[in-house]
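S.K.: Predicted coordinates and the sequence they were generated for:
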Amino acid sequence: MVNEVLTVAMLVVMAIGVFSGFPVALVLAGTGFLGFVAAVWVGITDFQHLGLIYLRARGVLTNESVQFTSVPMLIFLGLILNASGVAETMFRLLGRLLTGVPGRYAIATLLIGLVLAPAAGVIGASVITVALVAYAPMMASGYAPRTAGGAVAASGALGVVFPPAVMLFFISNVFYLRIGLMYVALIVPVLLMVMAFAVYFAVTLRKTVEIPLDAPKTNLVSDLLFVLASVAVIASIPLSIILGFATLTEAAGVGVFGALLVALARKRLSFSSLNSVTVQTSTMTSMVFFIVLGASVFSLSFHLVGGPNVIFDWISAFDLTRWELLAMLLGVIIILGFVFDWIEVLLVFVPVLMPIISELDFADHVGSAYFAQIWIAGLIALALQTSFLTPPFGYALFFAKMAAPKGINLSDIYRGAVPLVAIEIALIAALISFPQLITWLPEMALGDADAPQLIQR
């Protein structure tokens, strides 16, 4: 009974703190410390174990198997590529290459989201960058406000789960999976999502008469080389990890060097721009690591009061099947994604739900217990990405409205996002039914020698 009271109290205090507007990192750390004091007061532990908080935080940040040094480099990589003008150039180039295709500017907007994947770890930066480039051309071309708003929000949310997005690093850490396998696991699902979105826009905009845009005269070859170089820099990170040429930190460092060369070649690498990107990287990195520390303190105290076991007992009382548990888990992740950023969900709530996740035995459905973990991790990543796009609380929708020109209301963006969310839910259902869409590339990447023993399907 005491454990249940403390569990509920910690969750309520954390929720009140978050909704009150206090910084999430301070809320997590403060709730964790209060939970520790409460655990001492009821006799669960004592103040001699206060040093566990320090050891937990230090252990998380110095864990050699978790390459946190790659996080600032991945953020810096995305920001420096954005500063080099890759989004604007790619949009203009795709607009020319897709001439004659219905909804070409909406499709071009989607493809920009993939190129901006490294910066999409912070979804606000991704959505706003896409919005500044794509809103005006789509509106000038005659698109309805809901179409333009939906395309911008969807594009900004795409990069969150496309390698080398920062979120995949944290998911692989939570599930103790190889980062290279997590990268390749999401390639097919995200490409299927882009294709489904593109087909939707092409079909719904087939009768729309697109007004030709006045584009600045630029060198097509130069634009093409610049875009290809940017894509090569981004693609080199997951490829070098998958092929075993470099660790994540090494690959990110080389990627940053390549991005600097691209920006230098484009004459966009001035002292002021480099200073601006460095400041933004420092700010975003500090935010990430403060949340990591706060989540570590909260997690330690939550485990001390028996929180995960309490939640596991509550859910077990419903006597749900494994499929019902999986559906409930994904639904909870989507709802949590309405309120919390992905990093809080992954570092605070997913570990709390881990006892339930560990009970989900889908080895017979997927082919092996190891690939079942990759499959579930991929589904959770896509559920989080869906939450960013789901009205009325999706983060991507609010950022799309923040950067929207006059004439586009939040209700327009909501209407534009609803069919895209339906497509994402249908895709998640297909991935649940056909797990090979997630596990096929990881199986190929591991090869016969390294792959865990598979169950005959």
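M.R.: Right, received. Where do you want to start?
S.K.: need the helices for the stretch 251-400 of the chain, in chain order.
M.R.: Using DSSP state H, counting those that start in this stretch, the helices found in the stretch 251-400 of the chain span residues 271-304, 307-316, 322-339, 342-344, 350-359, 363-366, 369-389, 395-402.
S.K.: Please name every helix or strand in contact with the second one.
M.R.: By that I understand helix 307-316. Other helices and strands packing on helix 307-316, by 3 or more CB pairs under 8 Å, 6 or more residues apart in numbering; DSSP states H and E, are helix 2-19, helix 350-359. For every residue, glycine as well, the C-beta is placed using N, CA and C.
S.K.: Pull out the buried residues from the shortest one.
M.R.: In this case it means helix 350-359. By 16 or more other CB atoms under 10 Å, the buried positions in helix 350-359 come out as 350, 351, 352, 353, 356, 357.
S.K.: Please identify which of those is nearest to residue 55.
M.R.: In terms of CB to CB, no member of these lies closer to residue 55 than residue 351, at 17.2 Å.
S.K.: Give me the buried stretch members for the host helix or strand of residue 430, please.
M.R.: Taking DSSP states H and E as the criterion, residue 430 maps to helix 410-433. Of all the residues in helix 410-433, those buried under the rule 16+ other CB under 10 Å are 410, 412-417, 420-421, 423-425, 427-428, 431-432.
S.K.: same thing with stretch 299-316?
M.R.: Across stretch 299-316, burial judged by 16+ other CB under 10 Å covers 299-302, 304-308, 310-312, 315.
S.K.: what do you get for stretch 365-383?
M.R.: Quick answer for stretch 365-383 (16+ other CB under 10 Å): 366-368, 370-383.
S.K.: cool, stretch 129-138 as well?
M.R.: Within stretch 129-138, the residues scored as buried using 16+ other CB under 10 Å are 129, 130, 131, 133, 134, 135, 137, 138.
S.K.: Output it as CSV, restricted to C-alpha atoms.
M.R.: Coordinates of each C-alpha in stretch 129-138 appear next as CSV, following Å, rounded to 0.1, in the frame of the first residue of the first chain:
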residue,chain,number,x,y,z
THR,A,129,13.0,25.1,-41.0
VAL,A,130,10.6,23.3,-43.5
ALA,A,131,7.9,25.8,-42.9
LEU,A,132,10.1,28.8,-43.8
VAL,A,133,11.1,27.1,-47.0
ALA,A,134,7.8,25.4,-48.2
TYR,A,135,4.9,27.4,-46.9
ALA,A,136,5.1,30.4,-49.2
PRO,A,137,5.6,28.4,-52.5
MET,A,138,2.8,26.0,-51.7
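S.K.: okay, which residue is most central for the protein?
M.R.: Nearest to the mean C-alpha position of the chain, counting by CA atoms, centre = their mean, stands residue 160 at 3.1 Å.
S.K.: So residue 222: helix, strand or coil?
M.R.: helix (DSSP: H, G, I helix; E, B strand; the rest coil).
S.K.: I'd say residue 141 and residue 105 touch.
M.R.: Yes. If you go by CB atoms under 8 Å, residue 141 and residue 105 touch, sitting 5.6 Å apart.
S.K.: When the two are compared, which one has more neighbours?
M.R.: With neighbours defined as other CB atoms under 10 Å, residue 141 and residue 105 compare such that residue 105 has more, 26 against 20.
S.K.: so how far is residue 439 from the nearest residue to residue 205 once chain neighbours are set aside?
M.R.: Nearest residue to residue 205, sequence neighbours excluded (CB to CB, 6 or more residues apart in numbering): residue 103, at 3.7 Å. Distance, residue 103 to residue 439, using CB to CB, to the nearest Å: 32 Å.
S.K.: what's the burial count for residue 97?
M.R.: Going by other CB under 10 Å, the residues that sit close to residue 97 add up to 12.
S.K.: Roughly how far does it sit from residue 359?
M.R.: As for residue 97, its distance to residue 359 is 49 Å (criterion: CB to CB).
S.K.: again with residue 154
M.R.: Using CB to CB, residue 154 is found at 34 Å from residue 359.
S.K.: quick one: residue 97 and residue 71, what's the gap?
M.R.: From residue 97 over to residue 71 the distance is 34 Å, taken as CB to CB.
S.K.: mind listing what the residue nearest to residue 345 when sequence neighbours are not counted touches?
M.R.: Excluding its sequence neighbours, the residue lying closest to residue 345 (CB to CB, 6+ apart) is residue 336, at 5.0 Å. Counting by CB atoms under 8 Å, 6 or more residues apart in numbering, residue 336 makes contact with 345, 349, 387.
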